[in-house]
Each structure stands twice: as structure tokens, then as C-alpha cells.
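K.L.:
sequence plus predicted model, see below.
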Amino acid sequence: MTLPTSTLGRTGTTVSKLGFGAMELRNPRLDAHKVDHLLNTILDAGINIIDTAPDYGASEESIGRAISHRRDEYFLATKCGCPIGEPVGESGPEVREHAFTRENIRAAVEQSLRRMRTDHLDVVQFHASPTPATLAENDAVAELMAQRERGKVRFIGMSGILPHLPDQIAMGVFDTFQIPYSAAERDHETAISDAARAGAGTIIRGGVARGLPNPADYPESWRETMRARNQRFEQTDISDLLGSMTPMEFLLRFTISHPDLHTAIVGTKNLDHLAANIAAASHGPLPADVYAEAKARYRW
């Protein structure tokens with residue numbers, strides 16, 4: 001199986017259209033040997049973009065331990081603005097107070113470099129979609145630019161959501177945008193195209209609606225959105241569109257069908273789920289007529 005690839009906007013980097021989101025590796029009590037095997041299997045399969053964050057608990061340290069010796073094989077994306085030096089609960093990154101001061105950004109970069117045993121981060125993204133006013137107040141972009149000049153950061157990104165995305169895109173300083181999108185969450189569909197037209201790389205998260213999990217397994221602040229998304233998916237009849245696809249394959253292929261998507265990061269700690277995601281992505285986008293019909297049914 002060969003994964004489709006694309007160019008990540010103005011970064012010029014060729015990335016696999018299926019990336020790996022490492023939030024599921026946040027629990028420090030996961031079996032280290034299994035995590036190491038998973039991360040190496042990801043690279044062996046041709047996935048060459050990995051996304052993480054200081055908010056994701058043990059994730060960064062696991063990446064450093066398992067695959068830093070293969071550093072030239074993957075594009076490494078992390079985030080800044082997260083609290084540094086504070087423990088992260090095993091259930092995931094609850095809503096924590098983010099700080100976009102130059103000091104906190106600098107500390108995040110140094111921590112990520114140390115944890116992931118690397119001398120550079122391919123892209124550092126502002127976490128939690130700060131407004132342009134917040135960034136300006138803290139001189140935050142200037143700090144990442146300084147880190148880029150020092151060779152510690154190659155590109156500057158934004159993990160953004162509405163309503164701030166249009167203003168963030170208009171700033172013209174971000175090389176990549178990480179944006180949520182799936183069949184059951186199409187609110188950002190136009191913004192993805194706007195970011196790509198501005199020359200930025202588009203990194204899409206939530207493309208399989210987190211596998212339609214039980215919202216009770218996730219932080220309280222996420223549950224209402226997850227319930228609404230799950231309900232939207234479950235109440236929309238797509239049985240005649242599936243053919244031989246499973247619902248999860250359909251969701252992933254719907255996501256990578258977006259014409260301005262460059263890569264979709266999907267997280268799992270389960271090897272079987274990883275194999276299923278790779279197989280689905282290897283089949284490429286949905287047929288054009290199926291994609292159009294699915295969009296007609298999943299209105300937002």
C-alpha cells in the first residue's frame with residue numbers, strides 16, 4: 001500500500017496525506033515497548049508527519065525515545081503557548097490557561113527540543129487559536145521568528161479555529177494551519193481553502209471524528225461538541241454510499257477528499273486501528289460523485 005502525498009504549502013515539504021497525531025500517547029503508563037513499536041511502524045508505513053504538543057503528556061518524550069534516531073524521516077510538528085512545567089492529566093489536556101509570552105514560547109521550544117531529542121522542530125504552532133490581538137500584545141510571533149533565525153524552528157504555524165481563523169490567515173505570517181474538519185464537522189471547510197490559497201500548508205485534525213468515541217472518556221470541555229458530532233454522523237444515512245467501506249474508512253476518505261487538504265493527522269495507540277487507517281488512506285479520496293453526495297447530506 002502506498003500513501004498519497006502532497007506539498008505542505010509554502011514549506012515545500014512533501015508529506016503523506018495521512019499523518020499521525022500523537023495525543024493518544026499522552027499517558028506515561030503506556031507500555032514503552034508497544035509505543036516504540038507503534039511509532040516505528042508509523043514511519044515504516046510511509047507516514048512522515050507527526051503532530052504533538054506539550055499539552056499531550058508523555059507524547060513528546062515517547063517520540064524522542066522511540067524515533068529520534070530516524071529524525072530525517074519525518075516532519076515534526078509541535079505547539080507553543082501551553083503551560084510549561086505543569087503536569088498533564090492522563091485523560092488528556094483539560095482546558096489549561098495558555099500563555100503566549102515570549103518567555104513561555106521560548107521555554108516550550110527548549111522543552112520540546114530536549115524531550116524529542118532533536119536540534120530542530122519543523123513547525124511550531126500556536127496552540128488554542130489565540131487572536132491576532134493576543135499575539136501582538138505578547139510579541140509572540142517575533143519570538144518564534146527569533147527561534148527560526150536561531151535554527152531551532154523551521155516554520156511557524158497556527159492551530160486555529162473559527163471565529164479567529166480569517167484574521168489569523170490575513171496576518172500572512174503562518175506557514176501552516178491546523179484546522180478541524182470531518183464529514184460531521186464541516187464548519188471550517190471554506191477556511192481550509194482560504195488558508196491554502198494564502199500559500200499555507202493545511203494540517204487537518206479530527207478527520208475521523210476521533211473514531212466516534214464515548215465522550216465520557218474525554219475532558220468535560222470537549223464532550224458537548226463530541227456528542228453533537230457523533231449524533232450528526234449517526235443520524236445521517238450513508239449506507240448506500242459505503243459500498244465495501246466501513247464507516248471509519250468513509251470518514252477518513254471523506255476528509256482527504258477536500259481539494260485543499262495537504263495532510264490529515266489521525267491518532268491511535270492501537271496497531272490494528274493504525275493498519276485500518278493506512279489501508280483507508282491508501283485508497284485515496286472518495287469518488288467525486290460520492291464526495292458531493294456526502295456533502296449534500298452532511299450540511300452544517
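P.N.:
Good, I have the coordinates.

K.L.:
first-to-last residue distance for stretch 174-191?
P.N.:
14 Å (C-alpha to C-alpha, to the nearest Å).

K.L.:
tell me the mean pLDDT over that stretch?
P.N.:
Across stretch 174-191, pLDDT averages out at 95.

K.L.:
other SSEs contacting the helix or strand encompassing residue 142?
P.N.:
Residue 142 belongs to helix 140-149 when assigned by DSSP states H and E. With contacts defined as 3 or more C-beta pairs under 8 Å, 6 or more residues apart in numbering; DSSP states H and E, helix 140-149 has these neighbours: helix 102-115, strand 121-126, strand 153-159. Where you see a C-beta, it was placed from the backbone N, CA and C, and this is true even at glycine.

K.L.:
make CSV out of the ones you listed and add mean pLDDT.
P.N.:
Shown next, in CSV, are those (pLDDT from 0 to 100):
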stretch, mean pLDDT
helix 102-115, 98
strand 121-126, 98
strand 153-159, 98
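
K.L.:
with respect to residue 22, which of the ones you listed lies nearest?
P.N.:
helix 102-115 (11.6 Å; C-beta to C-beta).

K.L.:
got the helices and strands packed on helix 140-149 as CSV, with mean neighbour count and distance to residue 295 columns?
P.N.:
Putting those into CSV (neighbours: other C-beta atoms under 10 Å; distance: least, C-beta to C-beta, whole Å) gives the following:
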stretch, mean neighbour count, distance to residue 295
helix 102-115, 19, 37
strand 121-126, 25, 27
strand 153-159, 24, 25
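
K.L.:
for these, which one sits closest to residue 180?
P.N.:
Using C-beta to C-beta, the nearest of the helices and strands packed on helix 140-149 to residue 180 is strand 153-159, at 9.4 Å.

K.L.:
who does the closest one touch, helix- and strand-wise?
P.N.:
Counting by 3+ C-beta pairs under 8 Å, 6+ apart, strand 153-159 packs on strand 121-126, helix 140-149, strand 176-180.

K.L.:
rounded mean pLDDT for the helix or strand that it is followed by, please.
P.N.:
Going down the chain from strand 153-159, the next helix or strand is helix 165-170, by DSSP H and E. The average pLDDT for helix 165-170 rounds to 98.

K.L.:
returning to that earlier point: okay, the helix holding residue 142 in CSV with CA atoms only?
P.N.:
Taking Å, rounded to 0.1, in the frame of the first residue of the first chain, the C-alpha atoms of helix 140-149 are listed here in CSV:
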residue,chain,number,x,y,z
ALA,A,140,4.6,36.2,20.3
VAL,A,141,5.2,35.9,16.6
ALA,A,142,8.5,37.8,16.9
GLU,A,143,9.7,35.1,19.4
LEU,A,144,9.0,32.3,17.0
MET,A,145,10.7,34.2,14.3
ALA,A,146,13.8,34.6,16.6
GLN,A,147,13.7,30.9,17.2
ARG,A,148,13.6,30.3,13.4
GLU,A,149,16.6,32.6,13.0
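
K.L.:
in TSV, list the helices and strands packed on helix 140-149 along with distance to residue 75.
P.N.:
Formatted as TSV, the helices and strands packed on helix 140-149 follow (distance: least, C-beta to C-beta, whole Å):
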stretch	distance to residue 75
helix 102-115	14
strand 121-126	5
strand 153-159	9
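
K.L.:
helix/strand/coil for the residue of the chain most remote from its centre?
P.N.:
Residue farthest from the centre of the chain, counting by C-alpha atoms, centre = their mean, is residue 240 at 30.1 Å. Per DSSP: H, G, I helix; E, B strand; the rest coil, the secondary structure class of residue 240 is helix.

K.L.:
now it: how far from residue 85?
P.N.:
Computed with C-beta to C-beta, to the nearest Å, the distance linking residue 240 and residue 85 is 53 Å.

K.L.:
ditto for residue 159
P.N.:
On the measure of C-beta to C-beta, residue 159 and residue 85 end up 21 Å apart.

K.L.:
and if you look at residue 21?
P.N.:
For residue 21, the distance to residue 85 - C-beta to C-beta - is 23 Å.

K.L.:
check what pLDDT residue 227 gets.
P.N.:
pLDDT, read off for residue 227, is 72.

K.L.:
go on, the one 5 residues further on?
P.N.:
At residue 232 the predicted local confidence, pLDDT, stands at 73.

K.L.:
nearest residue to it in space, please, no chain neighbours.
P.N.:
residue 184 (4.5 Å; C-beta to C-beta, 6 or more residues apart in numbering).
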